[in-house]
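Chemist: next one to model:
(chains A and B)
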Number of protein chains: 2
Amino acid sequence: MSNRVANVTGTALLTDQYELTMISAAIKAGRADRRCVFEVFARRLPDGRRYGVVAGTGRVLDALERFRFSDDDITALREIVDADTLAWLADYRFSGEVDGYREGELYFPGSPVLTVRGGFAEAVILETVILSILNHDSAIASAAARMVSAAAGRPIIEMGSRRTHEQAAVAAARAAYIAGLSATSNVEAARTYGVPSAGTAAHAFTLSFATPDGSDEKAAFAAQIDALGVDTTLLVDTYDITRGVANAIAVAGPELGAVRIDSGDLGVLARQVRAQLDDLGAPNTKIVVSGDLDEYAIASLRAEPVDTYGVGTSLVTGSGAPTAGMVYKLVEVDGIPVAKRSSHKESHGGAKRALRAARETGTIVEEIIVTGAGASGAGPVDGLGSLDVRDLQIPLVRGGRVVDDVPTLTDARDHLARGLVSLPWEGLGLSHGDPAIGTRYVTRPEK
Amino acid sequence: MSNRVANVTGTALLTDQYELTMISAAIKAGRADRRCVFEVFARRLPDGRRYGVVAGTGRVLDALERFRFSDDDITALREIVDADTLAWLADYRFSGEVDGYREGELYFPGSPVLTVRGGFAEAVILETVILSILNHDSAIASAAARMVSAAAGRPIIEMGSRRTHEQAAVAAARAAYIAGLSATSNVEAARTYGVPSAGTAAHAFTLSFATPDGSDEKAAFAAQIDALGVDTTLLVDTYDITRGVANAIAVAGPELGAVRIDSGDLGVLARQVRAQLDDLGAPNTKIVVSGDLDEYAIASLRAEPVDTYGVGTSLVTGSGAPTAGMVYKLVEVDGIPVAKRSSHKESHGGAKRALRAARETGTIVEEIIVTGAGASGAGPVDGLGSLDVRDLQIPLVRGGRVVDDVPTLTDARDHLARGLVSLPWEGLGLSHGDPAIGTRYVTRPEK
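Modeler: Just a heads-up that it's a prediction; the model follows:
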């Protein structure tokens, strides 16, 4: 029992033990290669949410490419599975196909956000890591998109790294960027994914200039400006906000980039500080507010003179919905539709095709999920009249290889921005409600 | 903007940009080496919780040892800080001291769970990664401990990997083990930390034996037993539970290890299945239940014939409190106590000593936090009468090096088990309430 460091370069052991023992049993029974279709979907949205945002697809594809069992991995599994299975794992390369919703696509209950086709064993083994990534990243992006809507065009900086697992923080910054946040405080997310980074200063910085005779906020501000320039953001609420703003302008002059308020009644304080800055001849100095903001608090500040929001805890914890609740279900075996029987959990067997119908104005009206033997046919669906219909899945992996033209992070961000505009007006409501559009199942029996 | 893989071997970039820019400003101002004391504490417990559990300390020490800036890291930071700062970062080695609560220790509002002493720059830079780890792991362990109490001695298996970030899943399994869970489904947690691993089977396995003529549950059960032996756990609710149990015993015989029920009214079903197993002559076949269990659902099943619980979502999301809300605050600079002034956030300047008072019976009664210039003195505290008093912090890092005898994961698990027994009886209540013991601040001015 040692305090070792988790292996974090490969992804193959980021899985549940039962995936491996099921493979062992399937190999022994000669069933490991049955052609299977697995689908990822959420039976429902988090309580009261109007839409979900697919995020993590790019990370899933990265994880798939790194899904290899090293010699060390194989050694670690000797107690869990037999030699035949170890040999199979050592040779593992996914050889199948993956289709899915674009990253940044809206999703609704039942939407097949990812479809994996391959042999039973090679496909079932991906369940855990695929769900981990999609459930985490989609939860963050779904919450973040509501914050972006609430901010109504004002920029939001993600600064929640310290409130979540240190690696989850990097993924959260990425998901938040897809959702439309402007920047992240997370340096690794900036390096790895190119998310724009930003930062202000902590109270500790100002406090660290304390002298035996008391505080010295001006010295702290002067040091920050000396190092970072006058365009920086000074944190003004370490001692007294009014004095902090006065000190900030006294030291930086009226060209100071911004001040940050991190505590108190942010609306009242923003008005006071705005008036004070204007009086001091600093009308262009911006106001950044932070401190336990969520989408509701952001919305409540819409009428106040706030320029930028900083969000942390609520973002990285999905604002009450820290996981998206997606599942990975076997829906087809050698062409036979399968589904767990249950009175409560609605599952539809068979591979599906997903369409979204919109009015000419672009407003979406319905998610259409085509099931049955003829689902994969590209033909039109009846009963849609003059609606525009768009296929939602795109190819992501062919013959085990990630396709060349997978959408980038910027594509995902742009795609979501368009998607949010396509929602019916009630779909952007922050209050609890039903999904913004309904999901209709259409069965097309003929091939 | 590429879909690259996050760097996950070093920890130095798992940080907020402002840590780096503050260091840059401190270096330029000649203040980087002021002797500082930072403390990690939570101002409050999550709403209604009676206690928190410190977890992640071992991971913090691992992260500290890996906190080095590689050449690639330095290159990535060239746009953010100046050359002097880059040079300082390239040479970075923490040289200070860390003391903290044992991993597995209970904590309460204000408890100084970690104290970091060092130069301003070398200590402030650790803020983000320390908080990420402690906030995540402590949130999981705190929720998990409630589940363990609710299970009243029955084993719980952690199986939540798919509901959280893929790396957070590994840390969650570790934290859950500290809290007293019996095993994890997560293979990487088993490999890295030695947490016992366990697994059953998924519905997909049974479904994968479907034939053109219909389902074949018996074939699936036979394959699993053939590969894993009769001591395995068969999932019996893919089609019909009563028939599933009959099939399970028909195939495995009465020595079958266990059956798992993953859906429906688990209490009713557990009674039915217990009666059926007994009728089939399998009184030793155990019953594992899973499916959206949290501490309340576990408690509600206490009177039912359940042998083992499987928990997922609620565990890895902290059962409503996904982050512990700990902060990292500068409390002392060159011997001068410092604190942000705020009407709402109670902060106490100066390095602290933490004690816990208990009756002779072992029941704890009070957390005592000694502040003031004489806080570090080892002498007794007044007004404790016949109570036993124990110092809560232990040395973790000396001269930048992790001490030799840091408690192991097993030590942490054992320590928490003793800690839970020491709570006043109302402290183990699942209902919302106040912290189980109060926190008292004692000022000791003399050195």
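Chemist: doesn't residue A:234 belong to a strand?
Modeler: Yes. Under DSSP: H, G, I helix; E, B strand; the rest coil, residue A:234 sits within a strand.
Chemist: near chain B, which residues of the stretch 301-447 of chain A show up?
Modeler: A:313, A:316-318, A:322-323, A:325, A:328-330, A:333, A:336, A:338-345, A:406, A:408-410 (CB under 8 Å from any CB of the partner chain). For every residue, glycine as well, the C-beta is placed using N, CA and C.
Chemist: among the residues you listed, name the ones in strands.
Modeler: Taking DSSP state E as the definition of strands, these contribute A:328-330, A:333, A:336.
Chemist: got these as JSON lines, with neighbour count columns?
Modeler: Shown next, in JSON lines, are those (neighbours: other CB atoms under 10 Å in any protein chain shown):
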{"residue": "A:328", "neighbour count": "22"}
{"residue": "A:329", "neighbour count": "24"}
{"residue": "A:330", "neighbour count": "27"}
{"residue": "A:333", "neighbour count": "22"}
{"residue": "A:336", "neighbour count": "18"}
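Chemist: which one of those residues is nearest residue B:199?
Modeler: Distance ranking of those against residue B:199, using CB to CB, places residue A:328 first at 15.7 Å.
Chemist: so for that closest one, what's the nearest residue that isn't a sequence neighbour?
Modeler: Spatial nearest neighbour of residue A:328, excluding adjacent residues (CB to CB, 6 or more residues apart in numbering or on different chains): residue A:127 at 4.4 Å.
Chemist: equivalent analysis for residue A:253, please.
Modeler: Nearest one to residue A:253, counting by CB to CB, 6+ apart, is residue A:230 at 6.6 Å.
Chemist: for residue A:234, same thing?
Modeler: Once flanking residues are discounted, residue A:234 sits nearest to residue A:248: 4.5 Å by CB to CB, 6+ apart.
Chemist: quick check: the one you found is in a helix.
Modeler: Yes. The assignment for residue A:248 by three-state DSSP puts it in a helix.
Chemist: what's it in contact with, if anything?
Modeler: Residue A:248 makes contact with A:221, A:234, A:236, A:256, A:259 under the criterion CB atoms under 8 Å, 6 or more residues apart in numbering or on different chains.
Chemist: the residue nearest to residue A:328 against residue A:329, yeah?
Modeler: No. Here residue A:127 does not reach residue A:329: they are 9.3 Å apart, not a contact under CB atoms under 8 Å.
Chemist: overlap in contacts, those two.
Modeler: A:38, B:204.
Chemist: for the closest residue to residue A:95 other than its chain neighbours, phi and psi?
Modeler: Nearest residue to residue A:95, sequence neighbours excluded (CB to CB, 6+ apart): residue A:400, at 4.2 Å. Torsion angles at residue A:400 (phi, psi; degrees, to the nearest 10) stand at phi 80, psi -10.
Chemist: now swap in residue A:211 and tell me
Modeler: Dihedral pair for residue A:211: phi -120, psi 170, per degrees, to the nearest 10.
Chemist: quick one: neighbours of it, just the number.
Modeler: As a burial measure, residue A:211 scores 11 neighbours (other CB atoms under 10 Å in any protein chain shown).
Chemist: re the thing from before, now, among the contacts of residue A:248, which is nearest to chain B?
Modeler: Within these, proximity to chain B (CB to the nearest CB) peaks at residue A:221, which comes in at 9.8 Å.
Chemist: dump the residue contacts of that closest one.
Modeler: Listed by CB under 8 Å, 6+ apart, the contact set of residue A:221 reads A:206, A:234, A:247-248, A:251-252.
Chemist: mind checking the SS state of residue A:99?
Modeler: Counting by three-state DSSP, the backbone at residue A:99 sits in strand.
Chemist: can you pull the phi/psi pair for the closest residue to it other than its chain neighbours?
Modeler: In space, residue A:99 comes closest to residue A:393 once its chain neighbours are excluded; the distance is 4.3 Å by CB to CB, 6+ apart. Phi and psi for residue A:393, reported as degrees, to the nearest 10, are phi -90, psi 140.
Chemist: measure residue A:393 to residue A:328 for me?
Modeler: Residue A:393 sits 16 Å away from residue A:328, going by CB to CB, to the nearest Å.
Chemist: also residue A:255?
Modeler: Taken as CB to CB, the span from residue A:255 to residue A:328 is 54 Å.
Chemist: what does residue A:437 give?
Modeler: Relative to residue A:328, and taking CB to CB, residue A:437 is found at 24 Å.
Chemist: what's the answer for residue A:315, then?
Modeler: Noted for residue A:315: a distance of 26 Å to residue A:328, by CB to CB.
Chemist: do residue A:422 as well
Modeler: Counting by CB to CB, the gap from residue A:422 to residue A:328 is 27 Å.
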